[in-house]
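Undergrad: Curious how this folds, go ahead:
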Amino acid sequence: MVRAVGNGPPGLISALRSDEMRCDVAISSTSSVVIVGAGQAGCQAATSLRQAGFEGSITLINGEPGLPYQRPPLSKGYLLGKIEANKLLLRQEHWYPKQRVDLLSDRVVSIDRISHEVHLAGGAALPYDHLILATGSRNRALPVPGAELDGVIGMRTRADADELSGRVHAGVEVVVVGAGFIGLEFAAVASALGASVHVLELTDRPMARAVSAATSQFFRQAHENWGVRFDFGVGVVGINGEAGRAESVTTSDGRHVPAGLVVYGIGVVPETAVAELAGLEVENGIRVDARLLTSDPDISAIGDAVSFPSEHAEGRLIRLESVQNAADQARHVAARLMGAPAAVTAGYESLPWFWSDQGDLKLQIAGLADAADDTVELAFEDPRQHTVLRYRADRLVAVETVNRAGDHALARRILVQTASPTPAEASAADFDLKTWHEAHGLVATG
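TA: Now for the predicted structure:
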C-alpha cells in the first residue's frame, strides 16, 4: 500500500515560502466543495472540513457502488474472513446525511474550470467553489496473452477480494506475480489457507523498491518457512488456459508453472485522466505545490494520484501510495481551506510512514530511503523481531521495523528532530532506540 516514486529537480519546495502562501486560498462558510474520489483521502477531506466547522455544501463522488471502504484489509483480514464487510466501511451509512455530505455513486467525465462545474457520466453537472481531486490509482494491467482468462485477478477492490475468497482454498495452485506489498500480503493469506503458492518477481528480492536488502531477506525467509516458493529475476510472458480458465503460467525463462489461480500486483497507475483533460499539470501524477494546490488555484489534489514536493525527499517531487499520506494530505487541505494559520503559511510536511501485515509479521516503515542508503541492522533475541536503520551521508532517513511497534513510534519522533543516532552509535552491541531517545532528554512512550 506503500510506494514512494520520486522525480524532479531538488529545491522545488524552497521555491514556495510562507510569503507566497497567501490566505486567498481559503473558502467561505457558504462555499460549495466537491470531492472527486471517496477513498481514504476523499472521505478524510470531507470529515476534516466538517470537524473544522465548515458549514457549506460538500459533495463526495464515489466511483464505486455502495459506501466508501478501506482497501488495506482486503488482502489480509478481510480475505481471511476475520473482518466483516461492515467493518471495512470508512463511515457508516448514517454518517453522510448527519454530516450533510452528499454521497454520489457516479463517475466524473470532465471538469469545466471556467464555469466551475464537474460533469458526471450520469449527466449531472455539479457546481463548485473549490474542487478536491482524490482520484487515487488503478492496478497496472498484466500485459501478457491470457490475462483475460478466468482465474487471473488483480487485487485492488472489494469485488476482487470477494472473488478471491471463493477461489483460495487448500490444494489450489496459486501463482502470485509481483513480490511487492500486495503480492506478499496475499501470498501469506493464501499459504495460511492451505494453497500452494509460487511467487514470481522480476527484481532480485522481495519488496526491492521499498525496503532494504536485510528486510527483504527477513521476509523471504519468513514466507519460505510458510511454504511459499519464490523465483526472482523471472517474469511472466503468457498465461495458458483451458475452456477459458487459467491453468498455467509461462515464465520468461521458458517454464510452465501450474496455476489454477493467478494473482498479480505489479504496481499501480495514478488516475490522472480527468485532470489531464481539464488541462491541469501532470507529472507522475497530478502535480501540486507545497500547499497541495494544482496549477488551478481553485483545485486541490490529494492522495495516491498526486506528485508533490517533499522535504523528506530533499525537495523532489514524489508520489506516495499510503493511507497515512492520503489522510494527512486531506487534513492539510481542509485546514488550509478553513484558513488555519499553520496550514496557510506552511506547506505539507508530514513524515511518511507505511505498514504491511504479512502473516504474523507487521512491517512498519518511517521516513523515505533510497536503494543506495547505508543500513544498520539491530539484533534481537526474538527471531520474529527486526529493525533496520537507514542512513544517507550519516543522517538517519528511515527506519524499518518488524513486530517492534515501540521502535516505529520512536523512529517517527526521531526523524522529525534535528538530532538522530549516528551509524557508529547504532552499530554498538547494546544500542537501543528507547535508551538513545531518553538519553537525549526525550521521554519515550508507546
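
Undergrad: avg pLDDT for stretch 118-138?
TA: Averaging pLDDT along stretch 118-138 yields 97.

Undergrad: in that stretch, what's buried?
TA: By neighbour count on 16 or more other CB atoms under 10 Å, the buried set for stretch 118-138 is 118-120, 126, 128-137. C-beta: built from backbone N, CA, C; applies to glycine.

Undergrad: out of those residues, what pair is the most spread apart?
TA: For the buried residues of stretch 118-138, the farthest-apart pair by CB to CB is Asp129 and Ser137; their separation is 26.8 Å.

Undergrad: and the buried residues of stretch 118-138 as TSV, adding distance to Ala428 and secondary structure?
TA: Shown next, in TSV, are the buried residues of stretch 118-138 (distance: CB to CB, whole Å; DSSP: H, G, I helix; E, B strand; the rest coil):
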residue	distance to Ala428	secondary structure
Val118	57	strand
His119	62	strand
Leu120	60	strand
Leu126	60	strand
Tyr128	57	coil
Asp129	57	coil
His130	52	strand
Leu131	53	strand
Ile132	48	strand
Leu133	48	strand
Ala134	45	coil
Thr135	47	coil
Gly136	44	coil
Ser137	42	strand
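
Undergrad: Could I get the residues you listed in TSV, plus columns for distance to Ile58?
TA: Shown next, in TSV, are the buried residues of stretch 118-138 (distance: CB to CB, whole Å):
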residue	distance to Ile58
Val118	13
His119	19
Leu120	16
Leu126	11
Tyr128	10
Asp129	11
His130	10
Leu131	12
Ile132	10
Leu133	15
Ala134	13
Thr135	17
Gly136	18
Ser137	23
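
Undergrad: tell me, which helix in this structure spans the most residues?
TA: Longest helix of the chain, by residue count under DSSP state H: helix 323-337.

Undergrad: List the buried residues for the next helix or strand after it?
TA: Sequence-wise, the next helix or strand downstream of helix 323-337 (DSSP states H and E) is helix 341-345. Of all the residues in helix 341-345, those buried under the rule 16+ other CB under 10 Å are Ala343, Val344, Thr345.

Undergrad: From the contact counts, what lies against helix 341-345?
TA: Helices and strands touching helix 341-345, as assessed by 3 or more CB pairs under 8 Å, 6 or more residues apart in numbering; DSSP states H and E, comprise helix 323-337.

Undergrad: so what are the domain limits for this protein?
TA: 4-138+269-345, 152-266, 360-439 (automatic domain parsing).

Undergrad: Quickly find the element holding Gly315.
TA: Counting by DSSP H and E, Gly315 is part of no helix or strand.

Undergrad: Pretty sure it sits against Gly347.
TA: No - assessed by CB atoms under 8 Å, Gly315 is found out of contact with Gly347, at 10.5 Å.

Undergrad: quick one, which of those two is more surrounded?
TA: The neighbour comparison of Gly315 against Gly347 (other CB atoms under 10 Å) goes to Gly347, with 21 against 18.

Undergrad: For the more buried one, report the pLDDT, please.
TA: 91.

Undergrad: OK, contacts around the closest residue to Ile266 other than its chain neighbours?
TA: Nearest residue to Ile266 in three dimensions, chain neighbours excluded: Gly178, at 4.5 Å (CB to CB, 6 or more residues apart in numbering). By CB atoms under 8 Å, 6 or more residues apart in numbering, Gly178 lies in contact with Val199, Leu200, Glu201, Tyr264, Gly265, Ile266, Gly267.
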